[in-house]
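[1] A structural model of the following input is requested.
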Amino acid sequence: MRAASVAPSTFNKADRTVEVVWTTGARVRRRSWDGSFDEELVVDAGAIDMTRLNTGGAPVLNTHSNYDLNDQIGVVERAWIANGEGRAVLRLSERDEVAGLVRDIESGIIKNISVGYNVRKYEIISAANRTDGVNVPLYRAVDWEPAELSFVPIPADAQSSTRSQHTRGADCQFEEVSPPTVGISAATPLVQTRKEDSMPQANAGGAPASTVPATPATPAAAVSSAAAPAADAGAQRATTVEQVRAAEIQRAADITEICQRHGTPDLAAGLIRGGQDVLESRSAIAAELARRDAAQGGARNVSRIETVRDEMQVRLAGIEQAIMHRVAPKVVLDDNGRQYRGMSLLEIGRDFLEACGVNTRGMDRLQLAGNMLTYRGAGSMGTSDFSSLFANVANKRLRNAYDENPGTYAMWARRAPNAPDFKNLSVAVLSGAPDLLQTNEHGEFKYGKMTDGAETYAVLTYGRIVSLTRQAIINDDLRAFERLVSAFGFAARRLENRTVYSQLTANANLADGGALFNATAVTTAGGHANLMTGAPSALSLASLTTGRTSMRVQKGLQSEELNLAPSYLIVPAALEQSAYQFTSSQYVPAQASNVNEFRTGGRTALEPIVEPVLDSNSATAWYLAAANSQVDTVEYCYLDGAEGPVIESDVGFDTDGVSYKCRLDFAAKALDFRGLVKSAGA
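    Okay, the predicted model is just below:
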């Protein structure tokens with residue numbers, strides 16, 4: 001392929017024709033299997049066969065692409081030679097899809113032309129016989145045929161290795177000549193070497209060329225044959241033929257491999273038969289993939305990001321799963337964890353260290369256990385791998401134990417949003433909206449206001465520390481470790497339970513100055529009227545009725561009626577049986593006065609909640625609580641990012657093992673008295 005240029009001023013819009021210069025015969029530096037050489041196209045009527053260009057059979061292509069009829073964008077009308085240049089008139093297609101290209105050609109944006117050609121005969125001048133000072137052979141094409149003309153965006157490429165699809169396999173003669181035969185000299189060039197302004201890189205001496213001709217000859221062989229006796233010329237040509245055959249076999253293999261790799265094996269045979277080289281084949285494959293992509297809706301062949309797990313992460317995950325299965329057998333093992341199932345802790349540690357490149361041969365059990373606990377993988381700047389692994393196991397087991405023992409407080413108290421820090425939280429208690437007032441015609445709407453109170457509390461931190469020693473690892477005593485971790489989970493839930501119920505039993509003052517439960521009338525400052533005492537306060541239908549009534553008549557901050565009803569009956573363990581009897585749906589009264597609407601299904605049904613934490617305070621006191629969706633009662637919260645107990649690990653220096661710290665950040669506070677009633681029960 002050679003590059004030339006278009007003359008936009010010759011564009012005929014009516015006929016859609018344009019005149020181009022498709023060759024000047026300039027010398028171009030080429031490369032082959034055996035080295036570099038210069039190629040020169042002889043531009044005269046005796047050297048160029050322009051039959052195809054002048055019979056309407058030469059196509060005008062889009063960047064030498066010839067895999068689809070859509071690649072042809074025009075035809076060569078006629079061609080001739082003038083002033084040492086090959087010129088032609090091209091007629092462009094009227095198809096809508098090439099209208100944009102035609103407009104760019106007309107405006108001079110697209111003006112680079114490249115010619116694809118076949119060479120039938122070369123005259124070869126060896127580097128030793130050149131008189132122009134260039135130290136590479138010169139190949140002069142003295143019999144060649146243009147095959148097609150193409151519009152191209154970049155007309156030269158020093159790394160290319162193709163001329164056109166018709167070049168490979170073409171019959172070509174090579175004739176050794178010397179400078180006197182063709183009259184080559186440094187002062188008298190054989191042909192014009194004028195540069196086209198639009199294509200300086202294609203016509204400058206030694207500049208990049210768009211492609212490399214697939215000539216069956218090699219420059220190195222040509223140099224050798226020129227220096228050898230005439231009797232050896234046949235043997236040299238035979239060697240060249242073998243090289244060309246080997247190159248053709250390699251080309252076919254490369255094209256087949258590329259087509260297979262990209263899922264286009266159906267293209268291989270056509271590309272090989274058509275003479276395309278590897279680069280042209282890649283272009284054909286890319287065009288086919290683009291066509292398939294468009295047929296499927298586009299945007300299919302895009303980059304894909306995959307998350308790949310590191311081998312060390314996979315190994316640690318399997319070990320963690322196996323250890324978790326030992327402390328909690330209901331954990332299901334996959335194939336990764338199953339391989340560590342029957343191994344002791346020391347055996348697992350030895351396998352892990354060996355996989356990390358640590359030689360454990362000769363280590364005693366204490367030394368092996370110590371290395372297990374302190375080994376850090378490459379790039380690790382924190383705690384050791386094994387201590388982190390045990391911390392993960394501990395956290396999971398802790399969470400399981402914590403979740404398996406829910407506290408009864410969660411049934412009636414409200415969970416607040418997580419606290420952002422340890423500062424005091426201020427919770428506003430709003431009154432109901434003011435009553436609506438009658439407004440006469442043309443009357444003015446009056447402003448109302450809402451009053452509020454505020455309760456404050458803060459998150460507190462609770463915690464303990466336990467250690468996993470080297471002795472425990474050597475003894476393979478995970479059971480003790482598991483019991484301690486599970487105990488942490490149970491303890492955390494008990495702590496939360498005690499903290500919430502302490503709001504009822506402590507009977508602390510609210511922001512209005514009155515105790516949470518008191519019998520003082522609400523008209524008095526700090527009065528809550530939600531405490532029943534004396535004999536009538538013992539758990540019975542009568543006392544339940546009294547407690548329900550006291551909650552019903554509670555008023556808001558602006559003395560608005562709230563009409564609250566209790567939803568929960570909270571009792572100590574000592575009153576469990578009585579609580580179930582009064583709330584059972586099996587209770588059938590014998591007379592109307594015994595109808596119990598506190599039963600399940602009743603119009604003010606109560607859900608019994610039995611909490612033994614209350615027994616240590618009073619075995620007779622019981623409580624009524626409204627649903628927290630109706631009114632504020634008691635709320636609890638966690639520190640943001642630490643919902644529930646959390647375990648952290650640290651490899652100790654003073655202690656011979658790993659210390660695990662269990663921490664819980666939790667708080668609870670009674671916000672409003674109106675949804676709570678207490679009965680002393682005596």
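
[2] what pairs with residue 467 across the strands?
    Counting by DSSP bridges, residue 467 forms beta bridges with residue 659.

[3] For it, the count of nearby residues, please.
    Residue 467 has 16 neighbours, counted by other CB atoms under 10 Å. Just so you know, the C-beta spots here come from the backbone N, C-alpha and C atoms, and that holds for glycine as well.

[4] doesn't residue 660 make contact with it?
    Yes. With contacts counted by CB atoms under 8 Å, residue 467 reaches residue 660, the gap being 7.1 Å.

[5] Tell me where the stretch 301-450 of the chain has helices.
    Taking DSSP state H, counting those that start in this stretch as the criterion, the stretch 301-450 of the chain carries its helices at 311-327, 335-338, 345-355, 365-374, 385-404.

[6] CSV for those helices, including distance to residue 127 and mean neighbour count?
    Listed next are the helices of the stretch 301-450 of the chain as CSV, based on distance: least, CB to CB, whole Å; neighbours: other CB atoms under 10 Å:
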stretch, distance to residue 127, mean neighbour count
helix 311-327, 56, 18
helix 335-338, 66, 14
helix 345-355, 60, 18
helix 365-374, 69, 18
helix 385-404, 65, 21
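
[7] nearest to residue 598, of the ones you listed?
    Checking these against residue 598 by CB to CB gives helix 385-404 as the closest, at 31.1 Å.

[8] Which elements pack onto that closest one?
    For helix 385-404, the elements it packs on are helix 311-327, helix 345-355, helix 365-374, helix 478-505, strand 646-651, strand 657-670, judged by 3 or more CB pairs under 8 Å, 6 or more residues apart in numbering; DSSP states H and E.

[9] again, only using 10 Å
    helix 311-327, helix 345-355, helix 365-374, strand 460-469, helix 478-505, strand 646-651, strand 657-670 (3 or more CB pairs under 10 Å, 6 or more residues apart in numbering; DSSP states H and E).

[10] Need the CA coordinates for it. PDB is fine.
    Extracted in PDB, the C-alpha atoms of helix 385-404 (Å, rounded to 0.1, in the frame of the first residue of the first chain):
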ATOM      1  CA  ASP A 385      -3.500 -13.200  61.000                       C
ATOM      2  CA  PHE A 386      -4.400 -15.900  63.500                       C
ATOM      3  CA  SER A 387      -5.400 -13.600  66.300                       C
ATOM      4  CA  SER A 388      -7.600 -11.700  63.800                       C
ATOM      5  CA  LEU A 389      -9.100 -15.000  62.700                       C
ATOM      6  CA  PHE A 390      -9.900 -16.000  66.300                       C
ATOM      7  CA  ALA A 391     -11.400 -12.500  66.800                       C
ATOM      8  CA  ASN A 392     -13.700 -13.100  63.800                       C
ATOM      9  CA  VAL A 393     -14.800 -16.500  65.200                       C
ATOM     10  CA  ALA A 394     -15.300 -14.900  68.600                       C
ATOM     11  CA  ASN A 395     -17.400 -12.000  67.200                       C
ATOM     12  CA  LYS A 396     -19.600 -14.500  65.200                       C
ATOM     13  CA  ARG A 397     -20.100 -16.800  68.200                       C
ATOM     14  CA  LEU A 398     -20.700 -13.800  70.400                       C
ATOM     15  CA  ARG A 399     -23.400 -12.400  68.000                       C
ATOM     16  CA  ASN A 400     -25.000 -15.800  67.800                       C
ATOM     17  CA  ALA A 401     -25.200 -16.200  71.600                       C
ATOM     18  CA  TYR A 402     -26.400 -12.600  71.800                       C
ATOM     19  CA  ASP A 403     -29.200 -13.100  69.200                       C
ATOM     20  CA  GLU A 404     -30.200 -16.400  70.700                       C
END
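
[11] Return the distance of stretch 498-515 from the chain's centre.
    Centre-to-centre, stretch 498-515 and its host chain are 51 Å apart (CA atoms, centre = their mean, to the nearest Å).

[12] meant to ask about stretch 553-564
    Centre-to-centre, stretch 553-564 and its host chain are 55 Å apart (CA atoms, centre = their mean).

[13] same deal with stretch 671-679?
    The answer for stretch 671-679 is 52 Å, by CA atoms, centre = their mean.

[14] How far does that stretch stretch from one end to the other?
    Across stretch 671-679, the terminal residues are separated by 19 Å (CA to CA, to the nearest Å).

[15] continuing past the helix or strand hosting residue 252, what's the next helix or strand?
    Using DSSP states H and E, residue 252 maps to helix 233-261. Next helix or strand after helix 233-261 toward the C-terminus (DSSP H and E): helix 268-274.

[16] Any buried residues in that following helix, and which?
    Of all the residues in helix 268-274, those buried under the rule 16 or more other CB atoms under 10 Å are 268, 271, 272, 274.

[17] Could you report the neighbour count for the residue nearest to the third one when sequence neighbours are not counted?
    Meaning residue 272. Nearest in space to residue 272, with sequence neighbours left out and distances taken as CB to CB, 6 or more residues apart in numbering, is residue 252 at 4.9 Å. Using other CB under 10 Å, residue 252 is surrounded by 15 other residues.

[18] which residues sit in contact with residue 252?
    268, 269, 271, 272, 273 (CB atoms under 10 Å, 6 or more residues apart in numbering).

[19] and the first one, how far is that from residue 285?
    Which is residue 268. 10 Å (CB to CB, to the nearest Å).

[20] For the two, list the residues in contact with both.
    In contact with both residue 268 and residue 285: 255, 258, 259, using CB under 10 Å, 6+ apart.

[21] Most neighbours among those, which one is it?
    Of all these, residue 255 has the most neighbours under the rule other CB under 10 Å, reaching 24 neighbours.

[22] Domains in this structure, by residue range?
    Per automatic domain parsing, the domain ranges recorded for the chain read 2-225, 228-296, 311-398, 452-679.

[23] Rebuild these as JSON lines, extending it with mean pLDDT.
    Below are the domains of the chain laid out as JSON lines (pLDDT from 0 to 100):
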{"stretch": "domain 2-225", "mean pLDDT": "71"}
{"stretch": "domain 228-296", "mean pLDDT": "79"}
{"stretch": "domain 311-398", "mean pLDDT": "78"}
{"stretch": "domain 452-679", "mean pLDDT": "85"}
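
[24] can you tell me which of these comes nearest to residue 420?
    domain 452-679 (5.3 Å).

[25] got CSV for the helices of the stretch 301-450 of the chain, with distance to residue 90 too?
    CSV is the format used below for those (distance: least, CB to CB, whole Å):
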stretch, distance to residue 90
helix 311-327, 61
helix 335-338, 67
helix 345-355, 69
helix 365-374, 79
helix 385-404, 71
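
[26] which one of these lies closest to residue 526?
    In terms of CB to CB, the element of those nearest to residue 526 is helix 385-404, at 38.2 Å.

[27] next one: the closest one to chain centre, how far?
    28 Å.

[28] go on, stretch 121-136?
    For stretch 121-136, the distance to the chain centre is 59 Å (CA atoms, centre = their mean).

[29] repeat for stretch 548-561
    That offset, for stretch 548-561, works out to 56 Å (CA atoms, centre = their mean).

[30] buried ones in it?
    Within stretch 548-561, the residues scored as buried using 16+ other CB under 10 Å are 548, 550, 551, 554, 555, 556, 557.

[31] Redo these as JSON lines? Include secondary structure.
    Formatted as JSON lines, the entries for those read as follows, by DSSP: H, G, I helix; E, B strand; the rest coil:
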{"residue": "548", "secondary structure": "helix"}
{"residue": "550", "secondary structure": "helix"}
{"residue": "551", "secondary structure": "helix"}
{"residue": "554", "secondary structure": "coil"}
{"residue": "555", "secondary structure": "strand"}
{"residue": "556", "secondary structure": "coil"}
{"residue": "557", "secondary structure": "coil"}
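
[32] Kind regards, and thank you for your time.
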